[in-house]
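Peer 1: Curious how this folds, go ahead:
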Amino acid sequence: MRHELVSLTRQLGVYAYRGHTVLEFRGEIDLVAAEEIGPFLDRVTGRAGVRAVLDLRPVEFFDCSGLRLLYRARSRVLERGGQLHLVCTHPLTLRVIRVTGLARLLPPQPGLDAALDRPAGSP
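Peer 2: Below is the predicted model of the structure:
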């Protein structure tokens, strides 16, 4: 069940879904947005055993700053024994994720249920 979205910044909201913390990225994820998002993302990914989803569906622009956020989130979650899933449908964002190899480490799925029905990190 989706709970009400809580906006943490203009580009980041959070809500609970099926026992996971969903971090919904929105709009343009560039250097300025990444600096705003980083502390909130670190707070969530710093919890032991966290079960989280990064939802990029509302993203319109995504550069290397956003990519660094995803790599950092993945690393922090795995270090703490958690699970991380990725949801993404935007063709250009998907291309960046695939070209950089992140798709092999954090396979993007088209929706929340598709992501949660797969084991975390499974290709």
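Peer 1: host element of the residue nearest the centre of the chain?
Peer 2: For the chain, the residue nearest the mean C-alpha position is L54 (1.9 Å; CA atoms, centre = their mean). Here L54 sits within strand 51-55, counting by DSSP states H and E.
Peer 1: can you check I37 too?
Peer 2: Per DSSP H and E: I37 is located in helix 31-45.
Peer 1: Give me the phi and psi for the closest residue to A48 other than its chain neighbours.
Peer 2: Among residues not flanking A48 along the chain, R80 sits closest, at 4.8 Å (CB to CB, 6 or more residues apart in numbering). C-beta coordinates here come from the backbone N, C-alpha and C atoms, glycine included. Per-residue torsions, R80: phi -110, psi 10 (degrees, to the nearest 10).
Peer 1: doesn't G49 make contact with R80?
Peer 2: Yes. Using CB atoms under 8 Å, R80 makes contact with G49 at a distance of 6.6 Å.
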